[in-house]
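Novice: return atomic coordinates for the entry below.
(chains A and B)
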Amino acid sequence: MSAPLLELRGLSGGYPPVSVFRGVDMTVGNNEAVGLFGPNGHGKTTLLKTVAGLIDPRDGDIFFAGERLNTEGKMRPRTSRHLNYDLFRRRRISAESVVRQGLIYVMQGNLLFPEMTVEEVLDIAPQAARGRGGAAQMRDLVDAVFPRLRERWHSKIRFLSGGERQMVSIAAGLLALPRLLILDEPTLGLSPKLRIELCEAIAKIRAENVPLIVVDQNVEFLTSLVDRLYLFDHGAITREIDGSAMPSHEEVMTMMFGEAH
Amino acid sequence: MTLETFAFLLASGLVLGGLYALMASGLAVVWTTLGVFNFAHGAMIALGAYIAWQVTQYTTGGAGFLLGAGVSVAIMFCLGFAMHYVLVKPFELHANLVLLAVITTLAAASIMENAILLSWGPRDKQIAPPFTGNIEFLGTAIGIHDFVILAIALAALLALALFLRRTTAGRALRAVAQNREAAELMGFNVSRLVAMTIGLSAATAALAGVFVGSLRFISPTVGTDPLMKSLIVVILGGVTRFTSPIYAAFIVGLAEAFSAYFLVLYWAPAVLFAMMIIVLLIKPEGLFGRRTRTL
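Specialist: Reported below is the predicted structural model:
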C-alpha cells in the first residue's frame, strides 16, 4: 500500500487531566472508507475531535497526506497553579489548518447555526476550500444526494428536523471539498425512514470515491459501506477487521464483549 | 401640550433613539458573540469623538465633518480589533472569562479616558455642526443637522445589517456567534472574526461619538451616560435579533425626551430604569427577545 492518507501514531488525548484514549494507531488509505465501531462513552468522538483539531492531543502524531498536523512532542503538563497558564499555552493543533488541509469532521448531533438559513450555511461552508478546484462538481453532488435541502433552502436551521440538520451538516462538509470526510454517528437519533434515506445518501457519497471515516452503531450499515473496520473499546482500538472478512452484528458483539454479552 | 411641543419632543426623541440604536447595536453584537459586556464602549464613544474633533480642526464644513467621522471610524475599528487580543483572548480559556472581561474592559475604559485627558486636556470641546439651518416639521423648526445625524445613523445600521446578512464575511461573524465549535470546524479563524466583531462595535461607537460630539460638548467622560442608556436599551429590547435593540433604542429615546418634558430632566434615568424593571418582571428576555441569544 502507498503512503496512507491519514495516519495516527500512538495518539493519546482527552480533556486534561482526564485521559480518554491512548495509544491509538489507525490508518486510512487513499480512496478508502474506514468504519469505527464501539460502545458509547468510550472516547470515539473525543478521538475524532482531536484529529479534527478541536482538542489538543497529549501524545502521539497525526499525519495527513504526508504532513504532520500537530506540534511535535508531548503536551507539557500544567506546571504552575498560580500563573495564567493559558496565556502561554500554545495550541498543539489548530482546527483551522486541519480543515484547510481538507480533513473535514462532521460533528455528532451538530446543532450548526440555529438562526441561519440552509442557504446561508451552505454559502459559508466552501470558505475552507478556498483555492482548491472542484467546487461546482461538489455542489452537483450535494444537490443529487440531498434533494430535500432545496425544499428547505430558506428555512432557519432551528426549524429543521434532526435528519435535515444532519443533511445540512454533511452537505456543508462536502462543500468544503474534503480529501477525507469524517462522519460521527450521522444517523444518531433519526427515525427509521430518515435513517435509511441518510444511509443511502452516504453510500452515494462513497460511490463518488470520497474517503471516509464513519462512526455508527449499526454494524450492518458499516460493513456494507466500509473497506475496513476498527473496533474501539475503552479508549483504544482493540481490533482491526479487513474487508474480506466483515463480521455480522452478533460476531462483532462477541468480539467486543465475549460470549455472554 | 401644543402640536409644536409634541413635534419638537418627537424629533429630539427620534434623534436620541438613533444615537442609542447605534451604540446599543455595537454593544449587542459583542454581547451575542462573546457573551461579554464591553464596559469600554463608553470610552470608545469619547475617543471616537475626540479623534473626529481633531480632524475637524484642520478641515471645515460638511466634508470636514464627514472626513472626521470616517477617520475616527477607521481608527476605532483597528483599536477594537486590537483590543480583542489584549483584553479578551488571553483569558479565553479561563473559567471566569465574563468576570475577567468586565475588569479588563473597565480598565481599558479608565485608561482610554485618562489618555484622552492627557492628550486633549480637560477643557470641553465641540465638533462644529456643519449642517446649519432649520426645516419646518409639524410647525416647529428642527435643525437639519439632527436629520442628517438620524439619517446617517439609520444608514449605518442598515449597512451593518446587510453586511451581517448578505455577505460571506458577515455570515461568518454570525456563525461564530451562534456556534463557535462548528464555526471552527468550518475552517474559520475564530479569533480574527471575534476581533473583527469588536472592531465593528468600536466603529459604531466612534460614529455615535462623532454625533454626540456635534450635539453636546465632549469631555473625557462623555460616553458614560450613553453607555448607561445603551445598557438599558440592550436589556430592555433583548438581543435575539439584530433589530431588537434598535426598536428598544427608539422607545428609550422617545421615553427620555417626553419624560424630560413632563417630569424633570433629572428624572429621565429613573423613568427609564423603572421601565426596564417592569419589562424585565413581565418578560425577562426583553421586549423583543427570546431566551436564547444569537445574532
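
Novice: tally of neighbours for B:Leu34?
Specialist: 22 (other Cβ atoms under 10 Å in any protein chain shown). All C-beta spots, glycine's among them, are computed from the backbone N, C-alpha and C.

Novice: A:Phe221 now?
Specialist: Neighbours around A:Phe221, by other Cβ under 10 Å: 20.

Novice: who in the stretch 51-200 of chain B is up against chain A?
Specialist: Proximity of the stretch 51-200 of chain B to chain A, by Cβ under 8 Å from any Cβ of the partner chain, involves residues B:90-94, B:168, B:171-172, B:174-175, B:178-179, B:181-190.

Novice: in ChimeraX, how would I select just the buried ones from the residues you listed?
Specialist: Per 16 or more other Cβ atoms under 10 Å in any protein chain shown, the buried members of these correspond to this ChimeraX selection:
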select /B:91,171,172,174,175,178,179,182,183,184,185,186,187,188,189,190
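
Novice: which of the residues of the stretch 51-200 of chain B next to chain A fall in helices?
Specialist: B:Thr168, B:Arg171, B:Ala172, B:Arg174, B:Ala175, B:Gln178, B:Glu181, B:Ala182, B:Ala183, B:Glu184, B:Leu185, B:Val190 (DSSP state H).

Novice: how about JSON lines for these, with distance to A:Leu54 added?
Specialist: Shown next, in JSON lines, are those (distance: Cβ to Cβ, whole Å):
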{"residue": "B:Thr168", "distance to A:Leu54": "23"}
{"residue": "B:Arg171", "distance to A:Leu54": "21"}
{"residue": "B:Ala172", "distance to A:Leu54": "18"}
{"residue": "B:Arg174", "distance to A:Leu54": "20"}
{"residue": "B:Ala175", "distance to A:Leu54": "16"}
{"residue": "B:Gln178", "distance to A:Leu54": "17"}
{"residue": "B:Glu181", "distance to A:Leu54": "6"}
{"residue": "B:Ala182", "distance to A:Leu54": "10"}
{"residue": "B:Ala183", "distance to A:Leu54": "11"}
{"residue": "B:Glu184", "distance to A:Leu54": "6"}
{"residue": "B:Leu185", "distance to A:Leu54": "7"}
{"residue": "B:Val190", "distance to A:Leu54": "11"}
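
Novice: so which of the residues you listed is the closest to B:Val264?
Specialist: For these, the residue nearest B:Val264 by Cβ to Cβ is B:Arg174; the value is 42.6 Å.

Novice: that older thread, now for the ones in helices among the residues of the stretch 51-200 of chain B next to chain A: which two are most distant?
Specialist: Taking Cβ to Cβ, no two of those sit farther apart than B:Thr168 and B:Glu181, at 19.8 Å.

Novice: what sits against the residue nearest to B:Tyr58 when sequence neighbours are not counted?
Specialist: With Cβ to Cβ, 6 or more residues apart in numbering or on different chains as the criterion, B:Tyr58 has its nearest non-adjacent residue at 7.7 Å, and that residue is B:Gly64. When contacts are counted by Cβ atoms under 8 Å, 6 or more residues apart in numbering or on different chains, B:Gly64 touches B:Val55, B:Thr56, B:Tyr58, B:Pro130.

Novice: which one of those sits closest to chain A?
Specialist: Using Cβ to the nearest Cβ, B:Val55 is the member of the contacts of B:Gly64 that lies nearest chain A, at 36.2 Å.

Novice: thought the closest one was touching B:Val71?
Specialist: Yes. Counting by Cβ atoms under 8 Å, B:Val71 is a contact partner of B:Val55 at 5.0 Å.

Novice: packing partners of the helix or strand encompassing A:Val214?
Specialist: A:Val214 is located in strand A:212-215, with elements delineated by DSSP states H and E. If you count contacts as 3 or more Cβ pairs under 8 Å, 6 or more residues apart in numbering or on different chains; DSSP states H and E, strand A:212-215 packs onto strand A:33-37, helix A:44-52, strand A:180-184, helix A:192-207, helix A:219-225.

Novice: closest one to A:Leu149 among the ones you listed?
Specialist: helix A:192-207 (10.6 Å).

Novice: the closest one vs strand A:33-37, what angle?
Specialist: Angle, helix A:192-207 to strand A:33-37, by axes from the mean of the first three to the mean of the last three Cα atoms, to 10 degrees: 140 degrees.

Novice: look up the closest residue to A:Glu185, ignoring the ones flanking it.
Specialist: A:Gln108 (4.7 Å).

Novice: I'd assumed A:Thr187 was in contact with that neighbour.
Specialist: No. Between A:Gln108 and A:Thr187 there is no contact under Cβ under 8 Å: 10.5 Å.

Novice: tell me how far B:Gly237 lies from chain A.
Specialist: 16 Å (Cβ to the nearest Cβ, to the nearest Å).

Novice: need the contact list for that residue.
Specialist: Contacts of B:Gly237 by Cβ under 8 Å, 6+ apart are B:Ala24, B:Ser244, B:Pro245, B:Ile246, B:Tyr247, B:Ala248, B:Ala249, B:Ile251, B:Gly286, B:Leu287, B:Phe288, B:Gly289.

Novice: filter the residues you listed to the buried ones?
Specialist: Buried among the contacts of B:Gly237 (16+ other Cβ under 10 Å): B:Ala24, B:Ser244, B:Pro245, B:Ile246, B:Tyr247, B:Ala248, B:Ala249, B:Ile251, B:Gly286, B:Leu287, B:Phe288, B:Gly289.
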